[in-house]
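Task: produce atomic coordinates for the following.
(chains A and B)
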Amino acid sequence: AQSVTQPDIHITVSEGASLELRCNYSYGATPYLFWYVQSPGQGLQLLLKYFSGDTLVQGIKGFEAEFKRSQSSFNLRKPSVHWSDAAEYFCAVVLMTTDSWGKLQFGAGTQVVVTP
Amino acid sequence: KAGVTQTPRYLIKTRGQQVTLSCSPISGHRSVSWYQQTPGQGLQFLFEYFSETQRNKGNFPGRFSGRQFSNSRSEMNVSTLELGDSALYLCASSTGELRTPLHFGNGTRLTVT
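Residues are numbered from 1 along each chain as shown, chains lettered A, B, ... in the order given. You can find the predicted model right below:
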């Protein structure tokens, strides 16, 4: 079955340090992948998306993600985090099965805490 | 362009009551999806409406229902509320094409007592 897994439930990072959030997908063909961010009390905001082509995708707020087919991964990175990056991050895949065509399935999320 | 608007932002209901949540999509978007978000279960898909027709459905009991109007606005109804229905309900809109991302509202926080 198609799915996404975020292995890290919680990550703590110092302000100014680099950040990498892991996302693994399960899908035979090239998946449609997204990263969203959710700040407290807010809805989800799209950071970036991947459909095909260049495997390094640039997003908003200085984030990027790299699609690696060999590792079934779509990890999110930021070179230097800011206190405002503290939020929950969700990886998502578009399901393309007969009974779930076009549904967006989310991973469990990774909570990012930024320390001074 | 205005974003996705959900009303109300907060609701407190009693067990056994019913509730209706409203979602106004981004202008021009024909697809509206609903998600339930809880700390234990994460983001769970409820259903999607496209051009007034339910196109996808999640694994929720029949107490959860929805509809979409001709102007693409959508409502979600939960009948016979249970304590476990307490959650953040998120609405998202898109053009409805496979590759287009979802745009989310800020959600309705439902508390059932």
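
Can you tell me the closest non-neighbouring residue to residue 23?
Using chain A. Once flanking residues are discounted, residue A:23 sits nearest to residue A:91: 3.5 Å by C-beta to C-beta, 6 or more residues apart in numbering or on different chains. For the C-beta atoms, the positions are set from N, CA and C on the backbone; glycine is no exception.

my bad, chain B
residue B:91 (3.5 Å).

List the contacts of whichever strand or helix holds that neighbour.
Using DSSP states H and E, residue B:91 maps to strand B:87-94. Contacts to strand B:87-94, defined as C-beta atoms under 8 Å, 6 or more residues apart in numbering or on different chains, come from residues A:43-44, B:4, B:6, B:21, B:23, B:25-26, B:29, B:31-38, B:43, B:46, B:72, B:74, B:76, B:100-105, B:107-110.

Tell me who's in contact with the closest residue to chain B within chain A.
Going by C-beta to the nearest C-beta, chain B is nearest to residue A:43 of chain A, at 3.6 Å. Going by C-beta under 8 Å, 6+ apart, residue A:43 touches B:4, B:6, B:90, B:92, B:104, B:105, B:106, B:107.

please redo it, this time with the cut-off set to 10 Å
A:36, B:3-4, B:6, B:35, B:37, B:88, B:90-92, B:102-107 (C-beta atoms under 10 Å, 6 or more residues apart in numbering or on different chains).

what about the nearest residue to residue B:95 once chain neighbours are set aside, how many residues close to it?
Excluding the flanking residues, the one nearest residue B:95 by C-beta to C-beta, 6+ apart is residue B:29, at 5.8 Å. By the measure other C-beta atoms under 10 Å in any protein chain shown, the count of residues near residue B:29 is 19.

now the one 5 residues further on
Taking other C-beta under 10 Å as the criterion, the count of residues near residue B:34 is 24.

and it, bridged to which residues?
residue B:47, residue B:91 (DSSP bridges).
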